[in-house]
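Visitor: Build me a model from this:
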Amino acid sequence: MAELTAKQRRFVEEFCSNGFNGTKAALSAGYSERTAGSISSENLQKPEIQAGISEFMNKATSKALVTTEDIVKELWELGRHAETESVRHSALKTLTDFTGGFDANKKQIEHSGNIPLTIILDEDED
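Guide: Residues are numbered from 1 along each chain as shown. This is a model prediction of the structure:
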């Protein structure tokens, strides 16, 4: 976003964080209420603004991205290697709750990880 003005950078940040509402983003970035709608339309047509939006979203996504697999792996490792029995039990209990626990109505499914996960199948699906 180096080639953007300070106001344009603010527009990009506000646009991405307010639900992609251009007029609200323009107002929050400091454009006048009278011109916010037209400035928003103009800004969204500019290639440098589009690049700024893509860059902002990519950075935000990479910072915020935590997958289910990450959570399961972390709980599994904590459960296996915890220093105290209470931490070990707590991690494994949380993992069991997160993955559906042990239930006779559940069936094991294959997935790409090393940890078995289960799902509940409706009786009609059997």
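Visitor: Give the closest residue to T35 in space, chain neighbours not counted.
Guide: For T35, ignoring the flanking residues on the chain, the nearest one in space by C-beta to C-beta, 6 or more residues apart in numbering is A26 at 7.7 Å. For the C-beta atoms, the positions are set from N, CA and C on the backbone; glycine is no exception.
Visitor: Name the helix or strand for the one you found, please.
Guide: Assigned by DSSP states H and E, A26 falls within helix 22-29.
Visitor: how far is that helix from where the chain is centred?
Guide: Offset of helix 22-29 from its chain centre (C-alpha atoms, centre = their mean, to the nearest Å): 23 Å.
Visitor: thinking again about what came up before, my guess is the residue nearest to T35 contacts S41. True?
Guide: No: because the distance of 9.3 Å does not satisfy C-beta atoms under 8 Å, A26 is recorded as not touching S41.
Visitor: okay, now the domains of this protein?
Guide: The chain breaks down by automatic domain parsing into domains covering 6-64, 68-125.
Visitor: Need those domains in a markdown table (columns: mean neighbour count and mean pLDDT).
Guide: Rendered in a markdown table, the data for the domains of the chain read as follows (neighbours: other C-beta atoms under 10 Å; pLDDT from 0 to 100):
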| stretch | mean neighbour count | mean pLDDT |
| --- | --- | --- |
| domain 6-64 | 15 | 91 |
| domain 68-125 | 12 | 70 |
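Visitor: that older thread, summarise which helices and strands the helix holding A26 is packed against.
Guide: Helices and strands in packing contact with helix 22-29 are listed as helix 6-17, helix 36-45; criterion 3 or more C-beta pairs under 8 Å, 6 or more residues apart in numbering; DSSP states H and E.
Visitor: Generate JSON lines for those, with distance to R80 as supplementary columns.
Guide: What follows is these, written out as JSON lines (distance: least, C-beta to C-beta, whole Å):
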{"stretch": "helix 6-17", "distance to R80": "39"}
{"stretch": "helix 36-45", "distance to R80": "50"}
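Visitor: With H89 as the reference, name the closest of those helices.
Guide: Taking C-beta to C-beta as the measure, the helices and strands packed on helix 22-29 were each checked against H89, and helix 6-17 came out nearest at 39.8 Å.
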